[in-house]
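Participant: Requesting a structural model of the entry that follows:
(one chain, ligands or ions: 2)
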Amino acid sequence: MKIKVGFGFDVHQLVDGHPFFMGGVHLEAQKGAFGHSDADVLLHAICDALLGAANLRDIGFHFSNKDERWKGISSLVLLKECVKMLTEKGWTVGNIDAMICLEAPKINPHIPAMQKNIAEAIGIEVEDVSIKATTNETMGFIGRQEGVVAYAVVLINK
Ligand SMILES: Nc1ccn([C@@H]2O[C@H](COP(=O)(O)O)[C@@H](O)[C@H]2O)c(=O)n1
Ligand SMILES: C[C@@]1(CO)OP(=O)(O)OP(=O)(O)OC[C@H]1O
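Facilitator: Ligands and ions are numbered 1, 2, ... in the order given. Next up, the predicted model:
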């Protein structure tokens, strides 16, 4: 069996009164993530980790932020498209481990819903989707609640 690892990172600006999607869950918060799509930073990091593992470039290469088709789109759709690209190359997703860096709101209560969304979109078990969160201890742009960051690693095999 051939096994590959992939790494993904994403960052989005936080804007007052903007909707906040994370792992396909709508978070109730004063600020939300701003982007061309729904700006779901966790799903974008996972997309990039998957694409990277299969050496298929990155999310912006396939879904340009100049393309009106992706304006406001749910990143669960983009995630499913990325998985389709991997499947066409014969890859199966093993597991995902992700980290969100965000000052507020608390992510922990929403992690089971995010795991379910991601597992369903990819076609893997919930137990193979790990999501964690940390604050930035009030430091830097994350600490000032100006932005949100996510990192992800994945294993794929064929
Ligand atoms: N947005 C966040 C940030 C953190 N958590 C959880 O709280 C724990 C403590 O965070 P520190 O940054 O103070 O170490 C962290 O380990 C997470 O379990 C969260 O749910 N949402
Ligand atoms: C997803 C895309 C496409 O809608 O737009 P954004 O929501 O701005 O997100 P980003 O993380 O900058 O990734 C690539 C983009 O092409």
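Participant: going forward, measure contacts between C-alpha atoms and count neighbours the same way
Facilitator: OK.
Participant: Close to ligand 1: what parts of the protein are there?
Facilitator: Taking CA under 6 Å from any ligand atom as the contact definition, the chain meets ligand 1 at 102-108, 133-137.
Participant: Sticking with the residue positioned nearest the centre of the chain, tell me its helix or strand.
Facilitator: For the chain, Leu43 is the residue whose C-alpha lies nearest the centre (CA atoms, centre = their mean; 1.8 Å). Element membership for Leu43, per DSSP states H and E: helix 41-53.
Participant: partner residues bridging Ala133?
Facilitator: Ile100 (DSSP bridges).
Participant: Quick check: Ile3 vs Val154, distance?
Facilitator: In this view, Ile3 and Val154 are 10 Å apart by CA to CA, to the nearest Å.
Participant: Please apply the same query to Ala33.
Facilitator: From Ala33 to Val154 the distance is 24 Å (CA to CA).
Participant: and what of Lys31?
Facilitator: For Lys31, the distance to Val154 - CA to CA - is 29 Å.
Participant: More neighbours: which of these two?
Facilitator: Neighbours per residue (other CA atoms under 10 Å) separate Lys31 from Val154, with Val154 holding more: 25 against 20.
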